[in-house]
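>>> Have a look; sequence and predicted model below, questions after that.
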Amino acid sequence: MLISPSLLSVERKKIALIVDELINLKVKYIHIDVMDKGFIGHTAIKISDFKKISGKKIKYGIHLMVNNPRKYAKKFIALGAKTIIFHYESFSNNMSIAKFISDLHVLNVKVGIAFKPNTKIEDAFFFIKMVDIVLIMTVEPGKGGQTFNKKMLKKIKICSEYIKKNNLKTSIEVDGGINNKTCIECWKNGVNILVIGSYLFNGASIKKQIDSISNIYREFKNFKI
Ligand code: DX5
Ligand code: ZN
């Protein structure tokens, strides 16, 4: 189980300090939200922000909520990003999705495919075999602090059953409204990676919040919850 802190709600001038703190707390994978005005209506973490942290010893998952993932992927990979997560909805045809995934793999980059809440995952089963991560959005992409959409649990389950049935190693990542309650439902349905924004950064301390999720996971694994 991995916790992937989302830096979306972190003040940009503090971004490098927060990344250092997360590294000290043994976080292994940080979530970077990239948006454009076409796909979302506003922007989020920019290349100039990422430049401040790209050299640090930690893995980043670049969540591209943009109309042209190829253009953005290129920029982030040039700065050392090794995991690119693009939205299924950014493309109009399956051939270009398949080509994009294989182009990223040739560059030795891990690939994630993300789905908005209203997108049916059954339409894209074919791609689950091709990618390293499936990112299930549990809120509408765009901003932090929204409420987890419980209807997404079924989608997570369908995805996890498909992965098991086909003996795949694909990870399931969830993004949106994850806290000390919703995480349990996610694990029960097969999630491996939790993207967490507000719950981590709006609590008493980042350490306390990470510890609380880790303790709940321990109880979950020991069948106590
Ligand atoms: C929303 C972003 C998320 C966001 C999650 O579009 O993709 O990564 O930061 O924030 P919380 O955990 O507050 O829902
Ligand atoms: Zn995200």
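All right, it came through fine. Owing to the predicted nature of the structure, the values given are computational and were not obtained by experimental measurement. Ligands and ions are numbered 1, 2, ... in the order given.
>>> Got the phi and psi for L194?
phi -110, psi 120 (degrees, to the nearest 10).
>>> could you point out the longest helix in the protein?
helix 206-221 (DSSP state H).
>>> mean confidence score for it?
Taken as a whole, helix 206-221 has an average pLDDT of 97.
>>> likewise stretch 18-30?
Here the average pLDDT along stretch 18-30 is 98.
>>> Give the buried residues for that stretch.
18-19, 22, 25, 27, 29-30 (16 or more other CB atoms under 10 Å). Yep, even glycine has a C-beta here, placed from its N, CA and C like the rest.
>>> Also stretch 158-172?
For stretch 158-172, by 16+ other CB under 10 Å, it's 158-160, 162-163, 170-172.
>>> quick check, distance from that stretch to the centre of its chain.
17 Å (CA atoms, centre = their mean, to the nearest Å).
>>> any idea how far I85 is from the one residue in the chain that gets nearest to ligand 2?
Proximity of the chain to ligand 2 (CB to the ion) peaks at H63, 3.9 Å away. As for H63, its distance to I85 is 5 Å (criterion: CB to CB, to the nearest Å).
>>> Overlap of the contact sets of these two?
Counting by CB atoms under 8 Å, 6 or more residues apart in numbering, the common neighbours of H63 and I85 are 112, 114, 135.
>>> Among these, which lie within strands?
Judged by DSSP state E, strands contain the following of the shared contacts of H63 and I85: 112, 114, 135.
>>> Now tabulate the residues you listed in JSON lines and tack on neighbour count, distance to ligand 1 and pLDDT.
Converted to JSON lines, the ones in strands among the shared contacts of H63 and I85 look like this (neighbours: other CB atoms under 10 Å; distance: CB to the nearest ligand atom, whole Å; pLDDT from 0 to 100):
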{"residue": "G112", "neighbour count": "24", "distance to ligand 1": "12", "pLDDT": "98"}
{"residue": "A114", "neighbour count": "24", "distance to ligand 1": "8", "pLDDT": "98"}
{"residue": "L135", "neighbour count": "26", "distance to ligand 1": "9", "pLDDT": "98"}
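>>> can you pull the pLDDT of the residue of the chain found nearest ligand 1?
Nearest residue of the chain to ligand 1: G197, at 2.8 Å (CB to the nearest ligand atom). At G197, the predicted lDDT confidence score is 98.
>>> Give the burial count for it, as a bare number.
Look at G197: counted by other CB atoms under 10 Å, it has 24 neighbours.
>>> can you check L107 too?
12.
>>> and if you look at the one 4 residues further on?
Residues contacting V111 under the criterion other CB under 10 Å number 21.
>>> Could you report the distance from the closest residue to N166 other than its chain neighbours to N180?
Among residues not flanking N166 along the chain, K129 sits closest, at 6.6 Å (CB to CB, 6 or more residues apart in numbering). Per CB to CB, K129 is found 33 Å from N180.
>>> Looking at the two, which is more packed in?
The neighbour count for K129 versus N180, taken as other CB under 10 Å, is higher for N180 (14 against 11).
>>> Okay, and the beta partners of the residue nearest to N192 when sequence neighbours are not counted?
Among residues not flanking N192 along the chain, S171 sits closest, at 4.5 Å (CB to CB, 6+ apart). Assessed by DSSP bridges, S171 has beta-bridge partners I133.
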